[in-house]
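Peer 1: sequence-free structure coming up:
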């Protein structure tokens with residue numbers, strides 16, 4: 001592969017928070033490959049298999065979770081990175097790690113923790129991803145966290161652009177390992193962000209149609225989706241509807257990836273260093289302006305028909321109540337915490353409440369439900385709406 005001059009180079013990494021002395025027994029891997037492998041082998045990554053993507057505690061095995069979503073984002077991210085001559089390993093690591101900070105029940109759980117933590121700085125899942133990787137996930141004997149590269153952490157912090165006013169969690173980490181929050185991140189990080197958009201735009205359609213929340217006729221009111229559907233019908237007129245719908249999703253992903261590649265290639269013409277990417281003053285990886293309008297229309301449709309569907313809102317409110325009740329219980333009686341967490345409980349606020357939030361944020365959906373039932377004697381039995 002020809003490496004682009006503006007690609008992140010593991011040989012020129014700005015390093016890790018804690019110096020490491022290696023004896024060379026763990027294989028000839030680049031710094032970014034080590035990042036990826038540490039993420040994959042982490043407990044936090046494994047827990048994503050039982051955390052909500054769109055549907056809470058689905059009965060069927062065919063619906064996506066945070067883990068399967070992250071794997072799909074990584075696949076799309078690597079395709080784009082390879083075509084642009086970027087570092088695939090860094091891109092993949094960013095894609096795999098981007099949702100690690102999500103609490104149980106996705107945005108419903110985040111809403112509950114944000115409300116519970118209002119007096120203690122609030123809660124943000126993006127910052128929680130860094131907090132988890134830099135402090136909470138600590139399998140090593142000589143330092144806290146996974147000790148990932150500066151480039152990986154920078155990308156997670158700024159994949160959506162510079163952070164002008166970081167919340168307490170990100171600000172605290174930035175003080176000890178500065179991430180230059182006022183500048184844009186690498187192109188690898190920007191690609192990871194757009195890969196996330198492409199994945200959930202299309203795979204949520206797949207799950208929404210499967211669950212019956214989305215109707216094909218309504219979806220085809222979007223012109224560019226209708227164009228793709230006509231091509232599917234022309235190419236595969238005798239295929240059954242389920243196969244046609246899956247072909248539609250694949251076609252949509254291809255259409256979006258190609259648009260990103262064309263637009264991004266034009267945006268980076270003439271640039272010859274990663275610092276020029278960071279100093280560009282704008283995101284360079286993304287959709288073309290015309291396609292961005294269409295993609296926003298699709299997002300608005302998904303919010304209207306799927307994410308804010310009455311059944312989804314009702315289920316999310318029940319899930320939010322589970323997290324709120326758990327936080328209230330642990331706040332009132334910290335002896336309810338697991339011993340390993342109770343032993344490390346800070347004595348003073350706001351660290352005490354933040355410790356409780358860390359504990360809850362790391363839970364899977366199933367564990368949170370079981371803990372609620374254990375503490376209160378009951379938990380909602382109808383948290384799944386598919």
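Peer 2: Received the coordinates, thanks. Every value quoted in this text rests on a predicted model; they were computed, and no experiment measured them.

Peer 1: State the number of residues packed around the closest residue to residue 82 other than its chain neighbours.
Peer 2: Closest residue in space to residue 82, ignoring its immediate chain neighbours: residue 88 at 5.6 Å, by CB to CB, 6 or more residues apart in numbering. Placement of C-beta: from N, CA and C, glycine included. Counted with other CB atoms under 10 Å, the neighbours of residue 88 add up to 23.

Peer 1: hang on, isn't residue 88 packed against residue 80?
Peer 2: No: if you go by CB atoms under 8 Å, residue 88 and residue 80 don't touch, sitting 9.5 Å apart.

Peer 1: how about the helices in the stretch 1-150 of the chain?
Peer 2: 31-40, 43-47, 66-84, 88-97, 106-116, 125-131, 150-158 (DSSP state H, counting those that start in this stretch).

Peer 1: again with the stretch 251-386 of the chain
Peer 2: Under DSSP H, counting those that start in this stretch, the stretch 251-386 of the chain gives helices at 274-278, 289-302, 310-332, 339-342, 351-361, 365-376.

Peer 1: Give the buried residues for the second one.
Peer 2: The one in question is helix 289-302. 291, 294-295, 298, 301-302 (16 or more other CB atoms under 10 Å).

Peer 1: Centroid-nearest residue for this protein?
Peer 2: Residue closest to the average C-alpha location in the chain (CA atoms, centre = their mean): residue 99, at 2.7 Å.

Peer 1: and it, backbone torsions?
Peer 2: Phi and psi for residue 99, reported as degrees, to the nearest 10, are phi -110, psi 10.

Peer 1: how about the closest residue to it other than its chain neighbours, what does it touch?
Peer 2: Among residues not flanking residue 99 along the chain, residue 66 sits closest, at 5.0 Å (CB to CB, 6+ apart). Contact analysis of residue 66 by CB atoms under 8 Å, 6 or more residues apart in numbering lists 48-49, 51-53, 99, 102, 106.

Peer 1: Nearest to residue 348, out of those: which one, please.
Peer 2: Residue 348 lies nearest to residue 102 out of the contacts of residue 66, by CB to CB, at 27.6 Å.

Peer 1: Look up how far residue 100 lies from the residue lying closest to that closest one once chain neighbours are set aside.
Peer 2: Among residues not flanking residue 102 along the chain, residue 125 sits closest, at 4.9 Å (CB to CB, 6+ apart). Computed with CB to CB, to the nearest Å, the distance linking residue 125 and residue 100 is 9 Å.

Peer 1: And these two? Which one has more around it.
Peer 2: Neighbours per residue, other CB under 10 Å: of residue 125 and residue 100, the larger number sits with residue 100, 27 against 20.

Peer 1: Now do the phi/psi pair for the more buried one.
Peer 2: phi -60, psi -30.

Peer 1: Also residue 222?
Peer 2: Torsion angles, degrees, to the nearest 10, at residue 222: phi -80, psi 120.

Peer 1: State the number of residues packed around it.
Peer 2: What residue 222 shows, counting by other CB under 10 Å, is a neighbour count of 16.

Peer 1: Let me see the contact set for it.
Peer 2: Counted by CB under 8 Å, 6+ apart, residue 222 has contacts 294, 297-298, 301.

Peer 1: What distance do you get for residue 290 to residue 358?
Peer 2: In terms of CB to CB, residue 290 sits 43 Å off from residue 358.

Peer 1: which residues of the stretch 1-150 of the chain score low on pLDDT?
Peer 2: 1, 24, 57-60 (pLDDT under 70).

Peer 1: how about a cut-off of 90?
Peer 2: Across the stretch 1-150 of the chain, residues meeting the criterion (pLDDT under 90) sit at 1-2, 21-28, 52-63.

Peer 1: and the residue lying closest to residue 219 once chain neighbours are set aside, how many neighbours does it have?
Peer 2: Distance criterion CB to CB, 6+ apart; nearest residue to residue 219, sequence neighbours excluded, is residue 225 at 5.6 Å. Using other CB under 10 Å, residue 225 is surrounded by 21 other residues.

Peer 1: Doesn't residue 225 belong to a strand?
Peer 2: No: looking at residue 225 with DSSP: H, G, I helix; E, B strand; the rest coil, it is helix, so not inside a strand.

Peer 1: correct me, but it touches residue 217?
Peer 2: No: between residue 225 and residue 217 there is no contact under CB under 8 Å: 11.2 Å.

Peer 1: How about residue 365: what's its closest non-neighbour residue?
Peer 2: Nearest to residue 365 is residue 104, by CB to CB, 6+ apart, at 4.6 Å.
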